[in-house]
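K.L.:
Build me a structure from this.
(one chain, ligands or ions: 1)
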Amino acid sequence: MTIQWFPGHMAKARRQVTEKLKLVDIIFELVDARIPYSSRNPMIEEIIQQKPRIVLLNKADMADAELTKQWIAYFEEQGIKALAINSQAGQGMKEITAAAKSLLEEKFNRMKAKGVRPRAIRAMIVGIPNAGKSTLINRLAKKNIAKTGNTPGVTKAQAWIKVGKEMELLDTPGILWPKFEDQQVGLKLALTGAIKDTILNLQDVAVYALRFLSANYPDKLKERYGIEELPEDIVLLFDEIGKRRGCLMGGGEVDYDKVTELVIREFRSEKFGRISLENPDDLAKAIEE
Ligand SMILES: Nc1nc2c(ncn2[C@@H]2O[C@H](COP(=O)(O)OP(=O)(O)OP(=O)(O)O)[C@@H](O)[C@H]2O)c(=O)[nH]1
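P.N.:
Below you'll find the predicted structure:
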């Protein structure tokens, strides 16, 4: 899905999430494990207020496992429960319900003490486009999509999906906008496929990818393109890759557009292996600056 985020659309998205907040006990904030900072909505705290929340680091299968651990520790230091999941393969699904139960235990015990009849936990998924919301909903739903009709107090019927006996999930996720005021964030969103390819200059995205890989995962880059010594000059690196991969124009010169397309496609299809573009230490440094 592609959304042009104009102020009116942001306000509408925010309103939709805010309205549904009243219906749920807990929020599952879905982020991309490769970019846990850049794939979060900039106003998430303000929007969900004090609602209990679990951060789900999705696409963990594509991310660097060591960095994902560091991100989980980072969130937990802030008192936010975080889990690494792979919605596509259905990994980490049981942990979601278990974590939600544990987070809401006190609330549900209080309700029980007041004589409120026990009920399933109600949850909603929120996240930026392409975070994997639909994939996660389908995974959790299995065959249990249950339309329960009207929920008292709301005019519009809300469909709930049963997740085992203990949880119900709103069938429509909250779609929130990403942070796009920052150029670096935009490049990371583009490289991971979260924003449409026409929004940014693709050559900038490929330059970003190659600089990042040279600095952080040089061996993977060398191995992929059979380059022994990575040139510091980015144009020379484009040239090397172009020659080795036959990304050439009629006259035999390197076709930079083809190299651009190749690098982005190979990054997105995990040809460099599991790569994370952010780590919590960089984030701390960026905030200090
Ligand atoms: N490798 C991997 N891919 C995933 C995972 N979860 C989702 N995807 C893929 O990511 C892409 C986006 O997933 P969606 O479920 O459509 O994302 P969404 O958040 O619903 O997207 P919008 O409808 O744009 O808001 C799809 O190609 C999914 O197959 C995951 O855990 N691992």
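K.L.:
Could you check the pLDDT of Glu181?
P.N.:
pLDDT, Glu181: 82.
K.L.:
how many other residues sit next to whichever residue of the stretch 151-289 of the chain sits closest to the ligand?
P.N.:
Nearest residue of the stretch 151-289 of the chain to the ligand: Ile175, at 5.0 Å (CB to the nearest ligand atom). Yep, even glycine has a C-beta here, placed from its N, CA and C like the rest. Neighbour count for Ile175, taken as other CB atoms under 10 Å: 20.
K.L.:
Is it correct that it is in contact with Ala13?
P.N.:
Yes. The pair Ile175 / Ala13 is scored as a contact, 5.9 Å apart, by CB atoms under 8 Å.
K.L.:
Look up how far Ile128 lies from the residue of the stretch 151-289 of the chain closest to the ligand.
P.N.:
7 Å (CB to CB, to the nearest Å).
K.L.:
how about the strand or helix carrying Ile137: buried residues?
P.N.:
Following DSSP states H and E, the helix or strand that holds Ile137 is helix 133-141. For helix 133-141, the neighbour count (16 or more other CB atoms under 10 Å) marks Lys133, Thr135, Leu136, Ile137, Arg139, Leu140 as buried.
K.L.:
Which residues does Arg122 form beta bridges with?
P.N.:
Glu168 (DSSP bridges).
K.L.:
who are the neighbours in contact with it?
P.N.:
By CB atoms under 8 Å, 6 or more residues apart in numbering, Arg122 lies in contact with Leu23, Val24, Asp25, Ile26, Trp160, Met167, Glu168, Leu169, Leu170.
K.L.:
so the first one is in which element?
P.N.:
So the one you mean is Leu23. Short version: Leu23 belongs to no helix or strand, going by DSSP H and E.
K.L.:
where along the stretch 151-289 of the chain do the helices fall?
P.N.:
183-191, 202-216, 218-225, 234-245, 256-268, 280-288 (DSSP state H, counting those that start in this stretch).
K.L.:
which of those helices is buried the deepest?
P.N.:
For the helices of the stretch 151-289 of the chain, the largest average neighbour count (mean count of other CB atoms under 10 Å) is found in helix 183-191, namely a mean of 21.
K.L.:
what angle sits between it and helix 202-216?
P.N.:
Between the axes of helix 183-191 and helix 202-216, defined by axes from the mean of the first three to the mean of the last three CA atoms, to 10 degrees, the angle is 100 degrees.
K.L.:
mind checking the backbone torsions on the residue of the chain positioned farthest from its centre?
P.N.:
Each residue of the chain has a distance to the centre, and by CA atoms, centre = their mean the biggest one is for Gly251: 42.1 Å. According to degrees, to the nearest 10, the main-chain angles of Gly251 amount to phi -80, psi 0.
K.L.:
Equivalent analysis for Ala63, please.
P.N.:
phi -100, psi 160.
K.L.:
How about Asp32?
P.N.:
According to degrees, to the nearest 10, Asp32 has phi -90, psi 120.
K.L.:
Return the residues in contact with it.
P.N.:
Ser38, Ser39, Leu57, Asn58, Lys59, Ala63, Asn130, Ala131, Gly132, Thr192, Ala194 are the contacts of Asp32 under CB under 8 Å, 6+ apart.
K.L.:
now do 10 Å
P.N.:
38-40, 57-60, 62-63, 127-128, 130-132, 178, 188-189, 192-194, 276-278 (CB atoms under 10 Å, 6 or more residues apart in numbering).
K.L.:
and it, what pLDDT?
P.N.:
With respect to pLDDT, Asp32 has a value of 98.
K.L.:
Tell me the residues on the chain that lie near the ligand, please.
P.N.:
1, 58-59, 61-62, 86-88, 127, 129-135, 175 (CB under 6 Å from any ligand atom).
K.L.:
Filter those residues down to the buried ones and hand me the PyMOL line.
P.N.:
Per 16+ other CB under 10 Å, the buried members of the residues of the chain next to the ligand correspond to this PyMOL selection:
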select buried, resi 58+59+61+62+86+87+127+129+130+131+132+133+135+175
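K.L.:
Alright, that wraps it up for me.
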